[in-house]
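>>> Predicted model, plus sequence, below.
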There are 2 protein chains.
Amino acid sequence: MKIKVGILGYGNLGRGVELAVKNSKDLETVGVFSRRDPKSVKTCGASVYNIDEILSHKDNIDVLILCGGSATDLPEQTPEFVRNFNVVDSFDTHAKIPEHFVNVDKLAKENKKVGIIAVGWDPGMFSLNRLFGESVLENGKTYTFWGKGVSQGHSDAIRRIKGVIDARQYTVPIDTALQSVRNGENPELSTRAKHLRECYVVVEDGADKASIEREIKTMPNYFADYDTSVNFIDLETLKREHGGIPHGGFVLRSGVSGENGETKHIIEYSLKLDSNPEFTASVLVAYARAAYRLAKKGESGAYSVFDIAPALISPKTPEELRAEIL
Amino acid sequence: MKIKVGILGYGNLGRGVELAVKNSKDLETVGVFSRRDPKSVKTCGASVYNIDEILSHKDNIDVLILCGGSATDLPEQTPEFVRNFNVVDSFDTHAKIPEHFVNVDKLAKENKKVGIIAVGWDPGMFSLNRLFGESVLENGKTYTFWGKGVSQGHSDAIRRIKGVIDARQYTVPIDTALQSVRNGENPELSTRAKHLRECYVVVEDGADKASIEREIKTMPNYFADYDTSVNFIDLETLKREHGGIPHGGFVLRSGVSGENGETKHIIEYSLKLDSNPEFTASVLVAYARAAYRLAKKGESGAYSVFDIAPALISPKTPEELRAEIL
């Protein structure tokens, strides 16, 4: 008996979830639920239903994976759908996670459902590595570097500039900074010292490139605090060379032990992902197992990756895990 | 109120635990318990008692950290002491973990205590990374490399050879193999292709070096399957240049996602440890928090790192963790 998954929303992330479920041994997709006309949604095989029909599928869905965005979808959807479903979301607005957790926790408990929030790689696998690092090496410093990868938010910010047709922005960790952390030098790193921003921009014929470049480089919050390079390319080159959505990064913990902190240790975790949404989807699907198992045990409430015993996300039994990989 | 820790056994690991507890905000050592004459045990400040007195300290110890060896101490001690204490051990004989777990689980449950076994970095943090890797990227391959670091077992094996005064053996991961995994090439790696063995050996005057070198290189299980280098040095050089107990290594998961496995992802976790026992001790101390918290909640039985929600090992509250590092 496979774990029955529903997918709410079908963008890059929803599609990634459908594929990750297909690639798993112990889960199956029972349906994709979309706000769009089901006939217009092309899946990789899963049936598509209108979101308004979802309650009629309630008894056939063990876990509903929410694949909407963090800005407007998930703050509404996760509390709403946890009334009737065990849910997993990838809410990634770090500053609003505590509030989102409280909202989901209340409704999950009232309705005896499980809601796992903020699942993915950051928040998610990176958060776990920050936790393990600082718990094991209490005296130390944690560093998170992102990239090299495409930042959707920054790409969108460039696209909003007048005269810009399309754009792709890469966040790039600065190698000398990373190396200094690896060497145990515990540097204090400014925003500018940690990451570069590389922009590939397609503009309209006759656009004022110098002015667009200046507008990008001085944009507050997005680019002003970074060394930013702007490269103007044509649309074909953008599609050919910058069509993917790679990402990744590094979490490092540099800490000491001993009588006087004389012994150094470095823990490093890194991801090199050819597709950000497909990897995020793979993490969501692994945590769908945990949602299912927690609900089976009669648990309810909100959870983050911090609250979930790792064995719960594995397709293997605890006995297999102990014999094979402990 | 700090969590009160007892330390059973005072070799390198016990000393590491004493120091890790000292470096923590929320734990304190109430005593070291040793089979040796307490007067002969020099701690970094903790009181020393004979192991026979331990039951009289029962009500003053929240968690007892077992710092004996896996060959003969822990298979006896963990089941014995879990009758009266919540315990954490670093049992690391991988093949015997399932049996050890069952033994500890039975007695822990009968006596309503918590026993966390196989805590450290391998088994321990490396096991967790194998689990996260294979659960998130179901289609893929896991690689574990150890080193560069001192293998005590291999160093001991060399010391048992006639004519050898002292020896230090380093396990060294082979860089080209590691690089091939990082490149997503999913190589099949023989034992010889993954690690080198470097030996530094001090011999008696007039010893037959050629014969000792041959004996090391052909030793079954320990060296015969590896490319091994043997370096003869004097005792002073050994003490000066090879006095530490560094270790570390790498766990990599190379996996794919997508419709036909066309998207590649690499997860890499690595440790660079100046002191193997001090780092293992730091992990034990973090999991002592979990033992304490699980016992407070009325849980009992055997646990491994797989069964423990990560938040339980942090000095921070769940609210702090969500606000600060999720």
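Yep, that arrived.
>>> which element is residue A:134 on?
helix A:125-136 (DSSP states H and E).
>>> Name the residues that touch whatever helix or strand comes next after that helix?
Using DSSP H and E, the helix or strand that follows helix A:125-136 towards the C-terminus is strand A:140-146. The contact list for strand A:140-146, computed with CB atoms under 8 Å, 6 or more residues apart in numbering or on different chains, reads A:122, A:126, A:130, A:133-134, A:171, A:173, A:177-178, A:181, A:186, A:189, A:194-195, A:247-256, A:265, B:325. Every C-beta, even on glycine, is put in place using the N, C-alpha and C of the backbone.
>>> Export strand A:140-146 to PDB, keeping only CA atoms.
Output of strand A:140-146 as PDB, limited to C-alpha atoms (Å, rounded to 0.1, in the frame of the first residue of the first chain):
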ATOM      1  CA  GLY A 140      31.900  28.400  17.000                       C
ATOM      2  CA  LYS A 141      30.500  30.300  14.100                       C
ATOM      3  CA  THR A 142      28.000  29.300  11.400                       C
ATOM      4  CA  TYR A 143      28.300  30.500   7.800                       C
ATOM      5  CA  THR A 144      25.800  30.000   5.100                       C
ATOM      6  CA  PHE A 145      26.700  30.700   1.400                       C
ATOM      7  CA  TRP A 146      24.300  30.400  -1.400                       C
END
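>>> Could you tell me the angle between it and helix A:125-136?
Using axes from the mean of the first three to the mean of the last three CA atoms, to 10 degrees, the inter-axis angle of strand A:140-146 relative to helix A:125-136 is 170 degrees.
>>> Strand A:140-146 - what's its average pLDDT?
Here strand A:140-146 scores 98 as its mean pLDDT.
>>> neighbouring strands for it, and are they parallel or not?
strand A:247-257 (antiparallel) (DSSP bridges).
>>> Could you pull out the buried residues of the next helix or strand after the partner strand?
Next helix or strand after strand A:247-257 toward the C-terminus (DSSP H and E): strand A:263-273. Going by neighbour count (16 or more other CB atoms under 10 Å in any protein chain shown), the buried part of strand A:263-273 is A:263, A:264, A:265, A:266, A:267, A:268, A:269, A:270, A:271, A:272, A:273.
>>> Could I have the CA atoms of the helix holding residue A:134 written out in CSV?
Extracted as CSV, the C-alpha positions of helix A:125-136 are listed here (Å, rounded to 0.1, in the frame of the first residue of the first chain):
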residue,chain,number,x,y,z
MET,A,125,18.4,20.8,4.8
PHE,A,126,20.5,23.9,5.4
SER,A,127,18.5,24.7,8.6
LEU,A,128,19.2,21.1,9.8
ASN,A,129,22.9,21.6,9.2
ARG,A,130,22.9,24.9,11.1
LEU,A,131,21.2,23.2,14.0
PHE,A,132,23.5,20.1,14.0
GLY,A,133,26.6,22.4,13.7
GLU,A,134,25.8,24.8,16.5
SER,A,135,24.5,22.0,18.8
VAL,A,136,27.6,19.8,18.5
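>>> distance of the residue with the largest distance to the centre of chain A from chain B?
Distance from the C-alpha centroid of chain A, by CA atoms, centre = their mean, peaks at residue A:259 (39.4 Å). Using CB to the nearest CB, to the nearest Å, we find residue A:259 at a distance of 6 Å from chain B.
>>> if we can go back for a sec, out of the buried residues of strand A:263-273, which touch chain B?
Counting by CB under 8 Å from any CB of the partner chain, A:263, A:264, A:265, A:266, A:267, A:268, A:269, A:270, A:271, A:272, A:273 from these sit close to chain B.
>>> Dig out what the fourth one forms beta bridges with.
With DSSP bridges as the criterion, the beta-bridge partners of residue A:266 are residue A:254, residue B:272.
>>> OK, contacts around it?
A:181, A:182, A:184, A:252, A:253, A:254, B:270, B:271, B:272.
>>> and the residue farthest from the centre of chain A, backbone torsions?
phi -70, psi -40 (degrees, to the nearest 10).
>>> how about the residues of the stretch 101-250 of chain A that lie near chain B?
So the stretch 101-250 of chain A meets chain B at A:101, A:118, A:123, A:125, A:127-132, A:134-139, A:142, A:182 (CB under 8 Å from any CB).
>>> longest single helix anywhere in chain A?
helix A:276-296 (DSSP state H).
>>> Can you give me the buried ones in that one?
Buried residues in helix A:276-296 (16+ other CB under 10 Å): A:276-295.
>>> what is the mean pLDDT for it?
pLDDT averaged over helix A:276-296 gives 98.
>>> Going along the chain from that helix, find the next helix or strand for me.
Helix A:276-296 is succeeded, C-terminally, by strand A:301-303 (DSSP H and E).
>>> Past that following strand, which element shows up next along the chain?
By DSSP H and E, the next helix or strand past strand A:301-303 is helix A:318-324.
>>> what's that following helix packed up against?
helix B:97-110 (3 or more CB pairs under 8 Å, 6 or more residues apart in numbering or on different chains; DSSP states H and E).
>>> Identify the residues contacting the helix or strand bottoming out on mean pLDDT in chain A?
The weakest-scoring helix or strand in chain A, judged by mean pLDDT, DSSP states H and E, is helix A:152-159 (a mean of 94). Applying CB under 8 Å, 6+ apart, the external contacts of helix A:152-159 come out as A:164, A:166-169, A:171, A:197, A:199, A:201, A:216, A:219, A:222-223, A:245.
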